[in-house]
Structures are given as structure tokens and as C-alpha cells.
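>>> Got a sequence here, can you model it:
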Amino acid sequence: MINHLDRTNQIVEVCLLAGKIMLQNGAETYRVEDTMMRIAASFGIRESHSYVTPTGIIFSIDGTGPTKLIRIAERSTDLQKVIIVNSISRKISSGELSLKEAYDMLKEVETNRLAYPLWVQVAAAAIASGCFAIIFQGSWSDFLPALISGGGGFYCLDFVHRLVKIKFFAEFLASFIAGILAMCFVAIGLGHDLDKIIIGSVMPLVPGIPITNAVRDLMAGHLVAGLSKGAEAFLTAFAIGTGIALIFSIY
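Numbers count the residues shown, from 1 in each chain. Below is the predicted model:
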């Protein structure tokens, strides 16, 4: 038999695991807090409190157990996992899942790698870069240089980030490599507008989701998380701009 305290601790573990998966994969802060409290309420815990920042989650239940903290060290973007956790949360709310079933499903989501293979991501980034070059009024002669430069820069981002766990450095090198490739294509006559090629090639590196999440968190009243994510997005933009500025100073 599971006593009340053990069950409460298990509920807290399920809530923290759901919040951890969502926060690590690009969910907004207010969505993480709302999901955790809904899961707790579905299992009979009406009074729960959560405090979420981009680097940690604090969760407690009034008067029934200790406050627990999870540190978030690695963050990426995998919205498929966020969708799956939301789906599990809805099933919990409707009473379709037991506590153990929910925990096992969340553990499976945490360990599974649902992201597309690297070559698919690089191909998508390359095609997007070429299309962005055209959207920003580049000529069709700039499509292929932007495609190759954008793909090369995105691959460099993944490769460097695996070696050095400093996001700023990886983004700086990625934009620098993309700019070098763009400059080489223009120098040998395969591209026409260097600025359009560079703009297209760095678009896959732009922190779109962090900017969106920062604005949504600020509008939801989560000032600390919103400002933190905004600062993270600013650093990414600064890294990209620094790499490109170095290219233009050389050119």
C-alpha cells in the first residue's frame, strides 16, 4: 500500500518531470506553471505552487511535503515534446491515466529523441536561407550561394555546440562561417548582392522562439522569466551581428 505522503511525493515527481520536459524544449514559463498545477489538481492536490525560471523549477504543495527544485542546464527547441506533454496532461485531467502510467509516459518522452536528423535540419535551413534571400529582394543568382552559406552556417552551429557548450561562441562562429562562405561566392562571381546573401544565410540562426516566448511571458506577468529570455535572445542576436560585422570589416 502507498501511504498519503508517498503518493504526494509521486505526484510532485510527475509534475516536476512534465515541467522539466516542457521547459527544456521551448515552452513558455506560464504554460509550464499552468500544466504542473493542472496535473497536481487532477490527482487531488488543490493547493500547489510553482515558480519557474529559464534555469530552474521550484514546486511545492501546501503543508504536505518539502519544496522541490529542479535545475535546468540544457535548453533546446523541440516543440513536438511540448505537444506530447500537453496531450498527456489533458489525458490526466480527463482521468484516462493513472499516476504510474503518466510517469512512465513522461519518462519515455524525456528519453526519446524526436527531433529530425541533423541532415534534415541542415537541408531545411539551407532551403530557408535561399528563400529568405529572394524574399529580401535578392536576385535568383543569390539563391544558391545563400542556400549553401545558410546550410554551412547551421551545420557549424550544431558541430561547434557539441564541442563547446557555450552557445554564444557557437552562434558567433556559425554566423562568421556563413559570412565567409557568402563572401567567397561573391568574390568568385556566383553571387551578386553580398548583403542579401548574408541576410538569408543567418535567418535560420535568428532566435525567433526565445523572442516570442519572452514577449508572451512578459505579457502574462512573468517579468523575471520574460527579461531572462529576452536577454538570452539579445545575446544570440549580438553573437550573430558580431560575426557578420567581422566579415564586413574584412570585406
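>>> okay, now the domains of this structure?
For the chain, the structural domains run 4-111, 118-250, going by automatic domain parsing.
>>> Please enumerate the helices of the stretch 1-150 of the chain.
4-24, 29-42, 79-93, 99-111, 118-135, 143-163 (DSSP state H, counting those that start in this stretch).
>>> Touching the last one from outside, list them.
The contact list for helix 143-163, computed with CB atoms under 8 Å, 6 or more residues apart in numbering, reads 118, 121-123, 125-134, 138, 167, 169-171, 173-175, 177-179, 181-182, 185-186, 190-191, 196-198, 200-205. For the C-beta atoms, the positions are set from N, CA and C on the backbone; glycine is no exception.
>>> still on that earlier bit, redo the helices of the stretch 1-150 of the chain as TSV? Include distance to Lys68, mean neighbour count and mean pLDDT.
Shown next, in TSV, are the helices of the stretch 1-150 of the chain (distance: least, CB to CB, whole Å; neighbours: other CB atoms under 10 Å; pLDDT from 0 to 100):
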stretch	distance to Lys68	mean neighbour count	mean pLDDT
helix 4-24	6	20	86
helix 29-42	11	21	89
helix 79-93	18	18	91
helix 99-111	15	16	89
helix 118-135	34	19	91
helix 143-163	30	22	90
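>>> can those helices go into CSV with extra columns for distance to Ser249?
Converted to CSV, these look like this (distance: least, CB to CB, whole Å):
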stretch, distance to Ser249
helix 4-24, 37
helix 29-42, 38
helix 79-93, 37
helix 99-111, 44
helix 118-135, 22
helix 143-163, 18
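>>> how about these, which one is nearest Ile57?
Of all these, it is helix 4-24 that lies closest to Ile57, at 5.0 Å by CB to CB.
>>> The closest one relative to helix 29-42, how many degrees between them?
Computed by axes from the mean of the first three to the mean of the last three CA atoms, to 10 degrees, the angle separating helix 4-24 from helix 29-42 equals 160 degrees.
>>> Which residues does helix 4-24 contact?
Contacts made with helix 4-24 from outside it, assessed by CB under 8 Å, 6+ apart, are listed as 2, 29, 31-33, 35-37, 39-40, 43-45, 48, 50, 52, 54, 57, 59, 61, 64-65, 68, 70, 72, 74-76, 81-82, 85, 88-89, 99, 102-103, 106-107, 109-110.
>>> Relative to Ala239, which of the helices of the stretch 1-150 of the chain is closest?
Smallest distance to Ala239 across the helices of the stretch 1-150 of the chain (CB to CB): 10.2 Å, for helix 143-163.
>>> for the record, mean pLDDT for the next helix or strand after that closest one?
Where DSSP states H and E defines the elements, the next helix or strand beyond helix 143-163 is helix 167-187. The average pLDDT within helix 167-187 is 90.
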